[in-house]
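> Sequence below, structure please.
(2 chains)
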Amino acid sequence: MRFLLDPQQRAFADSLDAMLTAADTPSVVRDWSRGDHGGGRALWSRIAKVGVFALAVPEAYEGMGPHPVELAVGFVELGRHAVPGPLVETVAAAALLAGLADPLPAGRLLPSLASGEASATLALDGAYALDGDAATTRLALAAGGLRLAPGHGPVRASLDPARRLTPLAPGGELLSTAPPVAHALVWARLATAAQALGVGLALLDRTVAYVRQRTQFGVPVGSFQAVKHRLADAKIALEFARPLLFGAALTMAPADVAAAKVTACEAAYATARTALQLHGAIGYTAEYDLSLWLAKARALRTAWGTPAECRAEVLSGGARRR
Amino acid sequence: MDLTLSPADEAFRAEARTWLAAHVPRTPLPSLETEEGFAAHRVWEAELAADRWSVVSWPRVYGGRDAGIVRWLVFEEEYYAAGAPGRVGQNGINLLAPTLFDHGTERQRARILPSMASGEVVWAQAWSEPEAGSDLASLTSRAVRTDGGWLLSGQKTWSSRAAFADRAFGLFRSEPGTSRPHQGLTYLMFDLRAPGVTVRPIGRLDGRPAFAEVFLDEVFVPDEDVIGEPGGGWRVAMSTAGNERGLTLRSPGRFLAAADRLEALWRSRADPSDTALRDRVADAVIGARAYQLFTYANASRFLDGAAVGPEASLNKVFWSEYDIALHETALDLLGPDGESADTDWSEGYVFSLAGPIYAGTNEIQRDIIAERLLGLPKGRR
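From the prediction side, this is the model:
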């Protein structure tokens, strides 16, 4: 029993953090929001080079995985830096393709997802796919099975401008009539939980820094108890989401992953509300970078499982939890 | 990173489970906040101690099993899963004993710990005073030097378990007029039945005497009952506070068992269309798991050599608020039956309401989190 990240896992997080800090992600995010994907694609390939997507792809398909714990470590960093793009969807697509009975689609599509040459998005039952205009592999899951969509429709705005919602075109090559949807959903929820935790941690860090330097009544606003206690609550929520995330990555049990998903997303969203309130009016502006994380916290809350769906999943098994 | 127990730890779990299955009373004991219940819980402590299950983490010489922190967590999981009684000795075991291990003398440990482990001597805490609660360092109860020891005078209050306990421990001002209030305090132990001590039980919210006021009038305490250096009591006491807020006051096993019982109650009698209630039950299940995993992560840090730090304040706020939410959910689930005051759920509910207040209020804990974990500037309270 040693429930802590080991030195290699921490080093992986640190190297990703250093790379993303140097990459000026806020300007990449703003370009992405306008449909200018150049900077985002370049960042994508650097993230792939560090191995993030390969962690979701089995070795048989030129990946390094599956390694859910390391994937969660990586996605926390992606969330902390508000990296745009169909990150979770690429992971979910990899899990879906790797689990097909027919190995041919996986052999054709997975190596390029692992290497970062390709990215994937995934639409469930006619819902919008994330960043279908940027993803190179567009998967549509419906009652008839899993198809490779031939294209996408017009982009619809999201509450998070960096998330571009696109309907997928009907038809296309049928890859499977019985894809392992539940398995893919577990990976999608795990990655979303990790990304949300990272978003929440970034919001907390930025807000702590802000209330230390912003003065009113002649003192830093961070010296007021009302401010401190909101931030303490955000810290508590995030710190108790973290072990659920890594515990879920160890078991990959649907109930554990659902618990991590709802907890991390609610913690991130509560932190976003606190961050906005404590920044005051400057936090309510689009031009201030805080907005990039505020918007994402809201969007991730309902992506890949609403709070209610996740809670229902937690109680669906009835098995003892230890 | 892993959550797998070693075969030896699993064997320990099996041994504990087997013992508990054979010994846990079939019918619940009366509330330990009553005279009758207190006596029954003392008998249970002796039964635990007879087979070395009352203080598994202590050295064998004092009645323990030398269990490491992981085994302690495992024992607690099994203990509460088995539906075993609440621990009447917990103030001594969780608060005083760690202080004796860190700051006591070998003679003190040998004299005090075995009878604490067996429940023969039950300890109460004596921290707060009428004018010193969250601002504990402003306390005014005195310890005055006398031949061979100290004379204690003053008033302590909100002393948990003091209504029926045997002895107590707390801080007293031994050097009046120091420049800072934290200086000149001494950590002392005293007999609740000594001449000069008057214990007045206080009814908690439901009227049961869960705590008491303690009046001291020149109560003699020998030198051997001072822990640490005279005048250096604040530092000694703060190490106890770290234990209290950290791991030892509330083990995850307690909440895992309560969440399991709540989930079972929900399955047996809840309206499945009531999704608002379902969500609250799910949150109780999730919260117990979060607290368990958070604790395993902390335990792993301790095994790496880390000490209890301000992180313990995260724990204290979490479990105290969690405990109330869990019991509120159970009472709501029970509907009109939730109003009965004679069930485990109602007893647990009343008990839980005190959690955010004692052991350092949650407001104090949030100040600690903000200032020591987040680095926010100190300000006026």
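
> Quick one: distance of the longest helix anywhere in chain A to the chain centre.
Taking DSSP state H as the criterion, chain A has its longest helix at helix A:181-213. With CA atoms, centre = their mean, to the nearest Å as the basis, helix A:181-213 stands 7 Å off its chain's centre.

> what's the helix or strand for the residue nearest to A:G198 when sequence neighbours are not counted?
Spatial nearest neighbour of A:G198, chain neighbours left out: A:G79 (2.5 Å); criterion: CB to CB, 6 or more residues apart in numbering or on different chains. For every residue, glycine as well, the C-beta is placed using N, CA and C. Using DSSP states H and E, A:G79 falls within helix A:68-80.

> So which residues make contact with that helix?
The contact list for helix A:68-80 (CB atoms under 8 Å, 6 or more residues apart in numbering or on different chains) reads A:5, A:9, A:12-13, A:16-17, A:20, A:47, A:50-52, A:55-56, A:65, A:87-88, A:91, A:187, A:190-191, A:193-202, A:245-246, A:249-250, A:252, A:268, A:296, B:1.

> Now list the buried members of the residues you listed.
A:5, A:9, A:12-13, A:16, A:20, A:47, A:50-52, A:55-56, A:65, A:87-88, A:91, A:187, A:190-191, A:193-202, A:245-246, A:249-250, A:268, A:296, B:1 (16 or more other CB atoms under 10 Å in any protein chain shown).

> Residue ranges in the chain under the pLDDT threshold?
Using chain A here. Applying pLDDT under 70 to chain A flags the ranges A:318-322.

> that's the wrong chain, I wanted chain B
Scanning chain B for pLDDT under 70 picks out B:240-248.

> how would you label the residue lying farthest from the centre of it: helix, strand or coil?
For chain B, the largest distance from the centre (CA atoms, centre = their mean) belongs to B:S273, which lies 38.7 Å off. Three-state call for B:S273 (DSSP: H, G, I helix; E, B strand; the rest coil): coil.

> And the next helix or strand past the longest helix of chain A?
Immediately after helix A:181-213, counting by DSSP H and E, sits strand A:215-216.

> Which strands border that next one, and is each parallel or antiparallel?
Note on strand A:215-216: by DSSP bridges, its sheet partners are strand A:219-220 (antiparallel).

> how about the strands of the stretch 1-150 of chain A, start to end?
Applying DSSP state E, counting those that start in this stretch to the stretch 1-150 of chain A gives strands spanning A:120-124, A:129-130, A:137-142, A:145-148.

> residue contacts, the residue nearest to B:L373 when sequence neighbours are not counted?
Leaving aside its sequence neighbours, B:L373 sits nearest to B:P310 (CB to CB, 6+ apart; 5.4 Å). Counting by CB under 8 Å, 6+ apart, B:P310 touches B:368-369, B:372-373.

> Neighbour-wise, which one of the residues you listed leads?
Counting neighbours by other CB atoms under 10 Å in any protein chain shown, the top entry in those is B:I369, with 27 neighbours.

> Please report phi then psi for the closest residue to A:V208 other than its chain neighbours.
Counting by CB to CB, 6+ apart, B:L374 is the residue found nearest to A:V208 once chain neighbours are left out, at 5.1 Å. When read as degrees, to the nearest 10, the backbone of B:L374 gives phi -100, psi -10.

> so which residue of the stretch 51-200 of chain B comes closest to chain A?
Nearest residue of the stretch 51-200 of chain B to chain A: B:V70, at 5.3 Å (CB to the nearest CB).

> For burial, what's the neighbour tally of that residue?
By other CB under 10 Å, the residues close to B:V70 number 20.

> Which elements pack onto the helix or strand where it lies?
With secondary structure defined by DSSP H and E, B:V70 is part of helix B:69-81. Counting contacts by 3 or more CB pairs under 8 Å, 6 or more residues apart in numbering or on different chains; DSSP states H and E, helix B:69-81 is packed against helix B:7-23, helix B:252-269, helix B:275-303.

> now the angle between helix B:69-81 and the first one, please.
This means helix B:7-23. 30 degrees (axes from the mean of the first three to the mean of the last three CA atoms, to 10 degrees).

> just checking, what packs against helix B:7-23?
Other elements packing on helix B:7-23 under the criterion 3+ CB pairs under 8 Å, 6+ apart are helix B:69-81.

> surely the residue nearest to A:V208 meets A:A232?
Yes: between B:L374 and A:A232 there is a contact under CB atoms under 8 Å: 7.3 Å.

> which of the two has more neighbours?
Neighbour count, other CB under 10 Å: between B:L374 and A:A232, A:A232 has more, with 26 against 20.

> which secondary structure elements does the helix or strand harbouring that one contact?
For A:A232, the enclosing helix or strand under DSSP H and E is helix A:225-251. If contacts are counted by 3+ CB pairs under 8 Å, 6+ apart, helix A:225-251 sits against helix A:68-80, helix A:181-213, helix A:254-279, helix B:275-303, helix B:312-334, helix B:362-368.

> go again using 6 Å as the cut-off
Packing partners of helix A:225-251 (3 or more CB pairs under 6 Å, 6 or more residues apart in numbering or on different chains; DSSP states H and E): helix A:68-80, helix A:181-213, helix A:254-279, helix B:275-303, helix B:312-334.

> Report the buried residues of that helix.
Buried, per 16+ other CB under 10 Å, within helix A:225-251: A:225, A:227-250.

> returning to that earlier point: quick check: the residue nearest to A:V208 vs B:R26, distance?
49 Å (CB to CB, to the nearest Å).

> One more: B:D2?
According to CB to CB, B:D2 stands 38 Å off from B:R26.

> who has more neighbours, these two?
Ranked by neighbour count (other CB under 10 Å), B:D2 and B:R26 place B:D2 first, with 12 against 5.

> Neighbours of the residue lying closest to that one once chain neighbours are set aside, how many?
Closest residue to B:D2 apart from its sequence neighbours, by CB to CB, 6+ apart: A:R2 at 6.1 Å. Neighbourhood size, A:R2 [other CB under 10 Å]: 17.

> A:R2 is in contact with B:S300, isn't it?
Yes: if you go by CB atoms under 6 Å, A:R2 and B:S300 touch, sitting 5.1 Å apart.

> residue contacts, B:G92?
By CB atoms under 6 Å, 6 or more residues apart in numbering or on different chains, the contact set of B:G92 is B:116, B:123.

> Name the nearest residue to B:W53, ignoring sequence neighbours.
B:W19 is the one closest to B:W53 (CB to CB, 6+ apart), at 6.3 Å.

> Kindly report the same for A:G200.
Leaving aside its sequence neighbours, A:G200 sits nearest to A:A268 (CB to CB, 6+ apart; 3.4 Å).

> And the closest residue to A:A162 other than its chain neighbours, how far from chain B?
The spatially closest residue to A:A162, leaving aside those adjacent along the chain, is A:P84, at 4.3 Å (CB to CB, 6+ apart). Relative to chain B, A:P84 is positioned 28 Å away (CB to the nearest CB, to the nearest Å).

> Let me have the helices and strands packed on helix B:69-81 in JSON lines, extended by distance to A:R156 and mean neighbour count.
Shown next, in JSON lines, are these (distance: least, CB to CB, whole Å; neighbours: other CB atoms under 10 Å in any protein chain shown):
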{"stretch": "helix B:7-23", "distance to A:R156": "53", "mean neighbour count": "14"}
{"stretch": "helix B:252-269", "distance to A:R156": "39", "mean neighbour count": "19"}
{"stretch": "helix B:275-303", "distance to A:R156": "29", "mean neighbour count": "21"}
